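Asker: quick one, what's the 3D model for this:
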Amino acid sequence: MRESTVDPLAQTLALTEARCHVSRGFEAYGDWALRYPASRRLKFSAMVEGTCWLDFEDGRPRIGLERGDVVLFDGRRTFLKGNADVPVEDAVEAFDAYDGPIARFGSGAADRSGTKVVGVGGHVSVNRTGEELLMRALPPVMVLRASDEQAPVFRWLLDRLLHEATTTQPGASLAADNVAHLLFVETLRACLTEAGSLPVGWLRAIADERIAPSLRLMHDQPGRAWQLEELAQASAMSRTTFAERFRSVAGVPPLTYLTNWRMRLAERALRDEDTPLSTLARSLGYTSDSAFSNAFKRVNGMAPKRYRDAATSRTSAPRAS
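Answerer: All right, here's what the predicted structure looks like:
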């Protein structure tokens, strides 16, 4: 059996339609503390210069950040960012007070005096599939340190990100978002090197070198009628050892993972394409429309046709002015 060279991480990110969006950068002077609202979106915050802390007010210690550090978090809760125990201001109001590409605040902002902190942040937008895949695959808060192996890459990306986020050159916003997307991918790569800290799921499974060969095969040929023995052989394990190992990192048995991956592919096709259901069913390894429909309904709670109709309805609905 040939070894697959498919990249499951790239495939999954493409499936989620993940896009990074950079918010304005900031310069803070002197003492400051801001409260940021919850957004229920995957967010990132990066330190370009100076030091500060993040406080999610959930009982965990404050997270100290230094130059080059990046934090990726789920945005489900409000949080504080600052460098001193001073009265907390509203972050939205602080940023809205400035019209330029970079906001300035803090006790020394008027004359730009005192300790200087420079940062930039943003969020990752995903489709409905991505909300399930990414939010469940990542821990609520993840810190990548400038002292880690990827530090030189992070520092270059952060410097470039701040430049694009604050320049008035043509195409700056597009360039900033693209640099942020590369930073996001590098962050996920860093996560894969510390897979033990990841929740059980597809991202942790990708990082497991022992099951990676079988995972790549399923991603490469989702329509093939894979047998447990074939997948175990690809990973050079017995069926029992392979099944136990796979479930311990992916959270589901191998063939359930395959079914779920097929359903993610089906969701995208039903949303974005007009492929006939019978053609889609066969491309994903189902010998009949009813077998595909039953599998889809078990995973998504509705039949494929109803899912497509609902997706079409959402897409064609007029936007409020």
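
Asker: give me the distance between stretch 251-260 and the centre of its chain.
Answerer: On the basis of CA atoms, centre = their mean, to the nearest Å, stretch 251-260 sits 21 Å off its chain's mean C-alpha point.

Asker: could you export it as PDB, CA atoms only?
Answerer: Provided in PDB are the C-alpha atoms of stretch 251-260 (Å, rounded to 0.1, in the frame of the first residue of the first chain):
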ATOM      1  CA  GLY A 251     -11.600  10.500  20.800                       C
ATOM      2  CA  VAL A 252     -13.500   8.100  18.400                       C
ATOM      3  CA  PRO A 253     -12.700   4.800  16.700                       C
ATOM      4  CA  PRO A 254     -11.000   4.900  13.400                       C
ATOM      5  CA  LEU A 255     -14.000   4.100  11.200                       C
ATOM      6  CA  THR A 256     -16.100   6.600  13.100                       C
ATOM      7  CA  TYR A 257     -13.500   9.200  12.400                       C
ATOM      8  CA  LEU A 258     -13.700   8.200   8.700                       C
ATOM      9  CA  THR A 259     -17.500   8.600   8.800                       C
ATOM     10  CA  ASN A 260     -17.200  12.100  10.400                       C
END
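
Asker: ok, residues contacting it?
Answerer: By CB atoms under 8 Å, 6 or more residues apart in numbering, the surrounding residues in contact with stretch 251-260 are 200-202, 205, 214-215, 218, 222, 226, 228, 231, 242-243, 246-247, 250, 295, 299. For the C-beta atoms, the positions are set from N, CA and C on the backbone; glycine is no exception.

Asker: next, count neighbours for residue 216.
Answerer: 19 (other CB atoms under 10 Å).

Asker: ugh, typo on my part, it should be residue 308
Answerer: For residue 308, the count of nearby residues is 21 (other CB under 10 Å).

Asker: in this structure it contacts residue 272, no?
Answerer: No: applying CB atoms under 8 Å as the test, residue 308 and residue 272 come out as separate, 10.1 Å apart.

Asker: so how do I select the buried members of the contacts of stretch 251-260 in PyMOL?
Answerer: Listed next is the PyMOL selection for buried residues among those, using 16 or more other CB atoms under 10 Å:
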select buried, resi 201+202+205+214+215+218+222+226+228+231+242+243+246+247+250+295
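
Asker: strands along the chain, start to end?
Answerer: Secondary structure of the chain (DSSP state E): strands located at 19-22, 25-29, 33-36, 42-49, 52-55, 63-65, 70-73, 79-82, 89-90, 102-105, 116-125, 141-144.

Asker: JSON lines for those strands, including mean pLDDT?
Answerer: What follows is these, written out as JSON lines (pLDDT from 0 to 100):
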{"stretch": "strand 19-22", "mean pLDDT": "89"}
{"stretch": "strand 25-29", "mean pLDDT": "92"}
{"stretch": "strand 33-36", "mean pLDDT": "95"}
{"stretch": "strand 42-49", "mean pLDDT": "91"}
{"stretch": "strand 52-55", "mean pLDDT": "95"}
{"stretch": "strand 63-65", "mean pLDDT": "94"}
{"stretch": "strand 70-73", "mean pLDDT": "91"}
{"stretch": "strand 79-82", "mean pLDDT": "95"}
{"stretch": "strand 89-90", "mean pLDDT": "94"}
{"stretch": "strand 102-105", "mean pLDDT": "90"}
{"stretch": "strand 116-125", "mean pLDDT": "91"}
{"stretch": "strand 141-144", "mean pLDDT": "88"}
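
Asker: I'd like to know which of those strands lies nearest to residue 283.
Answerer: Closest approach to residue 283 among the strands of the chain (CB to CB): strand 19-22, 26.5 Å.

Asker: other SSEs contacting the closest one?
Answerer: Strand 19-22 makes packing contacts with strand 116-125, helix 151-166, helix 172-192 when contacts are defined by 3 or more CB pairs under 8 Å, 6 or more residues apart in numbering; DSSP states H and E.
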